[in-house]
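Chemist: Whatever this is, show me its structure:
(one chain, ligands or ions: 3)
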Amino acid sequence: MTARIIDGKARAAALRARVGEQHAAFERAAGRKAGLAVVLVGEDPASAVYVRSKGKATEAAGMASSTHRLAAKTSEGDLLTLVRQLNGDPAVDGILVQLPLPGHINENAVIAAIDPNKDVDGFHPVNAGRLASGLQGFVPCTPLGCLMLLKEELGDLSGLDAVVIGRSNIVGKPMAALLLAESCTVTIAHSRTRDLAAKAAAADIVVAAVGRPEMIKGDWLKPGATVIDVGINRVPDGEGTRLVGDVDFDGALSVAGAITPVPGGVGPMTIAVLLRNTLLAAHRNAGVAYEKGSL
Ligand SMILES: NC(=O)C1=CN([C@@H]2O[C@H](COP(=O)(O)OP(=O)(O)OC[C@H]3O[C@@H](n4cnc5c(N)ncnc54)[C@H](OP(=O)(O)O)[C@@H]3O)[C@@H](O)[C@H]2O)C=CC1
Ligand SMILES: Nc1nc(=O)c2c([nH]1)NC[C@@H]1CN(c3ccc(C(=O)N[C@@H](CCC(=O)O)C(=O)O)cc3)C=[N+]21
Ligand SMILES: [Mg+2]
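Modeler: Ligands and ions are numbered 1, 2, ... in the order given. Below you'll find the predicted structure:
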């Protein structure tokens, strides 16, 4: 058997097209575009690439995008001042502060300064709490994109055994909360987990969000399992580099039922969900009704 390859790039393009159509309707109703502000501190090349692709995708959907590039040495106070200015700007529906921030800036303080109603990343503690409590709020883009791929692939997830490898606030923890809300039986694994291979072998769904190239081996998996690979790892390749996930893709192909590739899997979904969250934020901020579930 060879696993189906989940085409995240195509799924993301379809979601972006739906967001674009609904944004056009929003613009007619509200008399303005939805606006996303992206803040980038410093010159990390990978971050600069993501920020550029977010800006391009935002404009392609018809939305207004602004990028605020600050020097690496920017003080926490100056960054907080910018965040508060964006909080108060009626043209800005969504605010994304690209992480990681330089070491002298307290990320938690910056995230906490974002208006929870503009927190399209879903990282603010109020939105994390809403997700944990089953209340409406912004859900982090990467795990929500993973959930969309899983539901398209598997339909109803209830009763399935899921293992999430990684427990970060931006991927692992919200992913586990979403799967629990879908009535999966969820195991969260991390660097202290004992016998990870045996945990993976029991799972119908494996979500890998570790940041270690090709760590999860094909022979760990339950035959037919659905594998979502969040990892983005740049590794040396001849003269240059290439991207690989956290899963040994070639090894998993002959065991898994379906698997996301890297690149072309979760990454493009993250950006499409960011646009979706910005569209939701705009509807709420403009007081325009929005038909839930229509995306
Ligand atoms: N495709 C996309 O859109 C996105 C991709 N990413 C990628 O996803 C990956 C994870 O990102 P992120 O969650 O931010 O990473 P973090 O570094 O914040 O978290 C990594 C997690 O992996 C766990 N871990 C580390 N080593 C092991 C191990 N040997 N066995 C089991 N668990 C381990 C850590 O455990 P512990 O808590 O014990 O330290 C931690 O919980 C990265 O490759 C990142 O680039 C991230 C965001 C978006
Ligand atoms: N506040 C904040 N929000 C984020 O959502 C956030 C962040 N900070 N910091 C960094 C991570 C990482 N992230 C990615 C987004 C898209 C791709 C993506 O589109 N990847 C392409 C390949 C891109 C390439 O070639 O480099 C793919 O997987 O096909 C990857 C990773 C969002 N993040
Ligand atoms: Mg820091």
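
Chemist: domains of this protein?
Modeler: 31-115, 141-267 (automatic domain parsing).

Chemist: Flag every residue of the chain that's near ligand 2.
Modeler: 49-50, 53, 96-99, 121, 141-142, 232, 243, 262-264, 267-268, 270-271 (CB under 6 Å from any ligand atom). C-beta here means a position set from N, CA and C on the backbone, and glycine is covered the same way.

Chemist: Restricted to helices, list those.
Modeler: 49-50, 53, 141-142, 267-268, 270-271 (DSSP state H).

Chemist: from those residues, which is closest to ligand 2?
Modeler: Closest approach between those and ligand 2, by CB to the nearest ligand atom: residue 267, at 2.3 Å.

Chemist: Please enumerate the helices of the chain.
Modeler: Going by DSSP H, the chain shows helices at 8-30, 45-60, 76-87, 107-113, 125-133, 141-154, 172-181, 196-201, 249-253, 266-286.

Chemist: Let's have those helices in TSV, adding distance to ligand 3.
Modeler: Shown next, in TSV, are the helices of the chain (distance: least, CB to the ion, whole Å):
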stretch	distance to ligand 3
helix 8-30	29
helix 45-60	13
helix 76-87	10
helix 107-113	5
helix 125-133	17
helix 141-154	19
helix 172-181	18
helix 196-201	28
helix 249-253	31
helix 266-286	21
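
Chemist: Dump these into CSV; add mean neighbour count, distance to residue 160 and mean pLDDT as well.
Modeler: Formatted as CSV, those follow (neighbours: other CB atoms under 10 Å; distance: least, CB to CB, whole Å; pLDDT from 0 to 100):
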stretch, mean neighbour count, distance to residue 160, mean pLDDT
helix 8-30, 17, 20, 97
helix 45-60, 16, 31, 92
helix 76-87, 16, 39, 98
helix 107-113, 16, 31, 98
helix 125-133, 17, 20, 98
helix 141-154, 22, 7, 98
helix 172-181, 22, 8, 98
helix 196-201, 16, 14, 98
helix 249-253, 18, 18, 98
helix 266-286, 24, 19, 98
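
Chemist: Dump those to JSON lines, plus distance to residue 163.
Modeler: Below are the helices of the chain laid out as JSON lines (distance: least, CB to CB, whole Å):
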{"stretch": "helix 8-30", "distance to residue 163": "20"}
{"stretch": "helix 45-60", "distance to residue 163": "27"}
{"stretch": "helix 76-87", "distance to residue 163": "36"}
{"stretch": "helix 107-113", "distance to residue 163": "27"}
{"stretch": "helix 125-133", "distance to residue 163": "19"}
{"stretch": "helix 141-154", "distance to residue 163": "13"}
{"stretch": "helix 172-181", "distance to residue 163": "10"}
{"stretch": "helix 196-201", "distance to residue 163": "5"}
{"stretch": "helix 249-253", "distance to residue 163": "14"}
{"stretch": "helix 266-286", "distance to residue 163": "16"}
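
Chemist: so which of those gets nearest residue 1?
Modeler: Nearest to residue 1, of all the helices of the chain, is helix 249-253, at 9.3 Å by CB to CB.

Chemist: and for that closest one, what are the contacting residues?
Modeler: 2-3, 214, 216-219, 221, 227, 229, 259, 261-262 (CB atoms under 8 Å, 6 or more residues apart in numbering).

Chemist: Just give me the residue closest to the centre of the protein.
Modeler: In the chain, the centroid-proximal residue (CA atoms, centre = their mean) is residue 142; its distance is 1.5 Å.

Chemist: Relative to ligand 1, how far out is the closest residue to it other than its chain neighbours?
Modeler: Spatially, and ignoring its direct neighbours in sequence, residue 142 is nearest to residue 270 (4.7 Å; CB to CB, 6 or more residues apart in numbering). For residue 270, the distance to ligand 1 equals 3 Å [CB to the nearest ligand atom, to the nearest Å].

Chemist: got it, and residue 49?
Modeler: 12 Å.

Chemist: check contacts around that residue.
Modeler: Counting by CB under 8 Å, 6+ apart, residue 49 has no contacts.

Chemist: Check whether residue 188 really touches residue 174, as I assumed.
Modeler: No - at 11.2 Å, residue 188 and residue 174 do not qualify as touching, with contact defined as CB atoms under 8 Å.

Chemist: ok, back up a step: would you list the domains of the chain in JSON lines and tack on distance to residue 291?
Modeler: As requested, those are exported to JSON lines (distance: least, CB to CB, whole Å):
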{"stretch": "domain 31-115", "distance to residue 291": "16"}
{"stretch": "domain 141-267", "distance to residue 291": "17"}
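
Chemist: Cheers, nothing more for now.
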